[in-house]
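Engineer: The following comprises the amino acid sequence and a computationally predicted model.
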Amino acid sequence: MTETIELPVWVIVIASVLAAIAIADRLLSPAVRWFFRRRVNQAIDELNTRLKLKIRPFGTTRREVLIDRIVNDPAVVGAVAEHSRETGEPIQVAMGRATRYAREIVPMFNAYAYFRIGTRLARLIATALYRVRLGYTDTEALSKVAPDSSVVFVMNHRSNMDYVLVTYLASSSTALSYAVGEWARLPVLQTLIRFMGAYFIRRNARNTLYRRILATYVRMATEAGVTQAVFPEGGLSRDGKLRPPRIGLISYIVSAHDHATHDTVFIPVGLNYDRVLEDRSLVFEADHHASPTSTWQKSTRTLGFLWRNLRLRLAGRWHRFGYASVSFGNPVSVDRFLADQGIDKWRTLADSEREALTEKLALRLMRSIETLIPVLPVSLVSVALIEAGPERVDRLELKVRVGILIDRLVDRGMHIHIPRQDRDYEIDVGLRMLTLRRIVKPAPDGELTIADKDRALVAYYANAIAHLFAEPAPTQADP
């Protein structure tokens with residue numbers, strides 16, 4: 001017992017370092033965590049003094065606590081038992097699967113990352129690539145939304161830039177929690193997105209247990225008043241037209257009505273761009289005769305796009321991608337919507353009745369979004385070119401055609417972004433974007449023609465606003 005044991009110096013060093021780490025973890029880590037959490041809470045309190053839609057305590061709750069609450073929710077526990085019976089998995093294995101699903105979904109919102117990094121980065125990217133404009137907004141209607149309401153922004157999905165653009169424009173009023181698809185689940189990117197308060201969803205999941213956990217998280221967030229942003233189309237438009245709504249997330253949000261002590265309000269949002277960054281890839285995917293694109297091909301195209309724009313920038317010949325605009329519509333109250341249908345409690349409805357009612361609400365929101373999509377130069381010029389058919393048009397005829405289109409929209413009360421309040425300049429801007437990309441080719445005699453391989457691309461931009469010319473035309477007052 002009293003014999004001397006000789007140890008190498010390196011063993012002593014490693015043991016000392018491990019002991020120091022253990023002491024720091026036990027004694028110092030709690031104090032450090034308390035210090036930073038106190039600073040974060042102070043920052044959130046300061047932010048809430050100037051944000052119209054406050055950051056709720058649910059958003060700052062520790063992620064592990066939220067995961068535990070979701071996994072032990074009665075609805076999830078029942079779904080776990082049902083999954084175990086159907087698949088034969090032991091209940092512990094099924095519960096472990098539920099926990100993994102919850103970890104996959106639940107974000108880890110960080111107010112510092114959102115407002116000090118995320119919103120500034122969003123502003124930098126958005127304004128570097130586009131001339132950003134705020135379109136139609138009924139400020140008076142938006143100001144009447146009760147501060148304690150659960151607000152959900154419902155928007156069309158034109159580009160992955162949508163997240164960046166709306167985050168930038170809404171940053172002075174609120175922090176948005178996005179529903180993000182699996183495309184963003186990359187090792188570094190997904191951590192940043194989680195810090196921004198976004199939650200990941202598997203859009204085509206048919207797993208009942210997964211969908212119950214997702215529904216539970218969305219219901220809890222809605223009950224707690226978290227401001228959310230969803231894309232009811234469920235994905236990017238491939239042909240420029242609005243896609244039919246998918247009612248999954250909307251039904252989860254509305255289901256919180258029976259438990260919440262406040263109203264839930266949907267705010268329709270319409271977005272449009274003079275140039276969608278992914279336009280060629282989207283149009284290519286819309287061609288059902290095209291062969292599937294591999295990840296390598298997508299990566300090669302993306303790198304090629306970045307390289308071309310970098311060369312133009314270095315040569316001093318790079319131009320921003322035109323205008324990007326966002327319009328905010330009139331709020332749609334869930335309380336009022338259900339009252340109009342003569343319904344008091346959502347849970348008293350049969351499943352088929354709930355589905356039909358949710359679809360009715362989703363279609364109403366999509367009609368509002370339709371009327372809000374901003375009319376931008378490239379879309380207007382594209383509509384005029386498509387209406388001209390295969391024939392060539394000169395600039396004068398194009399201006400006449402665009403002028404007629406503008407008059408039709410003005411008569412219907414639509415919002416049109418006219419740069420510098422100059423119609424001729426608007427046509428020049430739209431045409432310049434198309435000619436720089438060689439989508440439209442000017443002939444020596446001044447006549448214009450669409451490149452054969454890019455006719456689908458022009459139709460893509462025309463389809464963004466083509467519904468505004470349909471009969472009967474919707475109006476801005478449509479709820």
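Structural biologist: Right, received. Where do you want to start?
Engineer: Tell me how this structure divides into domains.
Structural biologist: 104-277+321-370, 377-469 (automatic domain parsing).
Engineer: Next, the distance between the ends of the first one.
Structural biologist: End-to-end span of domain 104-277+321-370 (C-alpha to C-alpha, to the nearest Å): 33 Å.
Engineer: If I follow the layout properly, Ala175 ends up in contact with Gly225?
Structural biologist: No. Contact criterion C-beta atoms under 8 Å: Ala175 and Gly225 do not qualify, at 11.9 Å. From N, CA and C alone the C-beta is placed, and that goes for glycine too.
Engineer: buried ones in the helix or strand where Arg123 lies?
Structural biologist: Per DSSP states H and E: Arg123 is located in helix 119-129. Using 16 or more other C-beta atoms under 10 Å as the test for burial, helix 119-129 gives Thr119, Leu121, Ala122, Arg123, Ala126, Leu129.
Engineer: swap in stretch 218-233?
Structural biologist: So stretch 218-233, judged by 16+ other C-beta under 10 Å, has buried residues 218-223, 225-233.
Engineer: Among those residues, which are located in strands?
Structural biologist: Among the buried residues of stretch 218-233, DSSP state E puts Gln228, Ala229, Val230 in strands.
Engineer: count of neighbours near Ser16?
Structural biologist: For Ser16, the count of nearby residues is 10 (other C-beta atoms under 10 Å).
Engineer: for Pro74, that is, sorry about that
Structural biologist: A total of 8 residues lie near Pro74 under the criterion other C-beta under 10 Å.
Engineer: residue contacts, it?
Structural biologist: Not one residue lies near Pro74 by C-beta atoms under 8 Å, 6 or more residues apart in numbering.
Engineer: Spit out the contact partners of Phe469.
Structural biologist: Contacts of Phe469 (C-beta under 8 Å, 6+ apart): Val383, Leu405, Arg408, Leu409.
Engineer: Look up phi and psi at it.
Structural biologist: Here is the backbone geometry of Phe469 (degrees, to the nearest 10): phi -100, psi 0.
Engineer: Please apply the same query to Asn160.
Structural biologist: Recorded main-chain torsions at Asn160 are phi -70, psi -10, according to degrees, to the nearest 10.
Engineer: Pull up the gap between it and Leu357, please.
Structural biologist: For Asn160, the distance to Leu357 (C-beta to C-beta, to the nearest Å) stands at 31 Å.
Engineer: Mind checking which of those two has more residues around it?
Structural biologist: Neighbours per residue (other C-beta under 10 Å) separate Asn160 from Leu357, with Leu357 holding more: 19 against 15.
Engineer: ok, now which ones touch Ser382?
Structural biologist: Gly430, Leu434, Val458, Ala459, Tyr461, Ala462.
Engineer: One more: Ile450?
Structural biologist: By C-beta under 8 Å, 6+ apart, the contact list for Ile450 reads Leu385, Ile439, Val440, Lys441, Val458.
Engineer: which strand is the longest one in this protein?
Structural biologist: Looking across the chain with DSSP E, the single longest strand is strand 264-273.
Engineer: Export the helix or strand following that strand to PDB, keeping only CA atoms.
Structural biologist: With elements assigned by DSSP H and E, the helix or strand that comes after strand 264-273 is helix 279-286. Backbone C-alpha positions of helix 279-286 (Å, rounded to 0.1, in the frame of the first residue of the first chain) are rendered in PDB as follows:
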ATOM      1  CA  ASP A 279     -35.500  29.800 -62.600                       C
ATOM      2  CA  ARG A 280     -33.700  27.600 -65.200                       C
ATOM      3  CA  SER A 281     -33.500  24.600 -62.900                       C
ATOM      4  CA  LEU A 282     -37.100  24.900 -62.000                       C
ATOM      5  CA  VAL A 283     -38.300  25.200 -65.600                       C
ATOM      6  CA  PHE A 284     -36.000  22.200 -66.500                       C
ATOM      7  CA  GLU A 285     -37.600  20.100 -63.700                       C
ATOM      8  CA  ALA A 286     -41.100  21.100 -65.100                       C
END
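Engineer: Flag every buried residue along helix 279-286.
Structural biologist: Asp279, Arg280, Ser281, Leu282, Val283, Phe284.
Engineer: Equivalent analysis for stretch 173-181, please.
Structural biologist: Thr174, Ala175, Leu176, Ser177, Tyr178, Ala179, Val180, Gly181.
Engineer: and what of stretch 354-362?
Structural biologist: So for stretch 354-362, counting by 16+ other C-beta under 10 Å, buried means Arg354, Leu357, Thr358, Glu359, Leu361, Ala362.
Engineer: Check the gap between Glu391 and Thr174 for me.
Structural biologist: For Glu391, the distance to Thr174 (C-beta to C-beta) stands at 49 Å.
Engineer: Distance-wise, check Ile125 relative to Arg347.
Structural biologist: Applying C-beta to C-beta, the value for Ile125 to Arg347 is 43 Å.
Engineer: the strands in the stretch 101-250 of the chain, which residues?
Structural biologist: With DSSP state E, counting those that start in this stretch as the criterion, the stretch 101-250 of the chain has strands at 131-137, 150-155, 177-180, 199-200, 228-230.
Engineer: distance between the fourth one and the chain's centre?
Structural biologist: Relative to the chain's own centre, strand 199-200 is displaced by 11 Å; criterion: C-alpha atoms, centre = their mean, to the nearest Å.
Engineer: same thing with stretch 116-133?
Structural biologist: Distance of stretch 116-133 from its chain centroid, counting by C-alpha atoms, centre = their mean, is 15 Å.
Engineer: Go through the buried residues of stretch 173-181 and name the one nearest Ile201.
Structural biologist: Nearest to Ile201 among the buried residues of stretch 173-181 is Ala179, at 5.3 Å by C-beta to C-beta.
Engineer: List the residues that contact the closest one.
Structural biologist: Here Ala179 is in contact with Ala198, Tyr199, Ile201, Gln228, Ala229, Val230, Phe231, Leu249 (C-beta under 8 Å, 6+ apart).
Engineer: Tabulate the residues you listed (JSON lines), appending pLDDT and distance to Thr449.
Structural biologist: Converted to JSON lines, the contacts of Ala179 look like this (pLDDT from 0 to 100; distance: C-beta to C-beta, whole Å):
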{"residue": "Ala198", "pLDDT": "84", "distance to Thr449": "43"}
{"residue": "Tyr199", "pLDDT": "84", "distance to Thr449": "47"}
{"residue": "Ile201", "pLDDT": "84", "distance to Thr449": "44"}
{"residue": "Gln228", "pLDDT": "90", "distance to Thr449": "45"}
{"residue": "Ala229", "pLDDT": "90", "distance to Thr449": "40"}
{"residue": "Val230", "pLDDT": "91", "distance to Thr449": "41"}
{"residue": "Phe231", "pLDDT": "92", "distance to Thr449": "35"}
{"residue": "Leu249", "pLDDT": "89", "distance to Thr449": "43"}
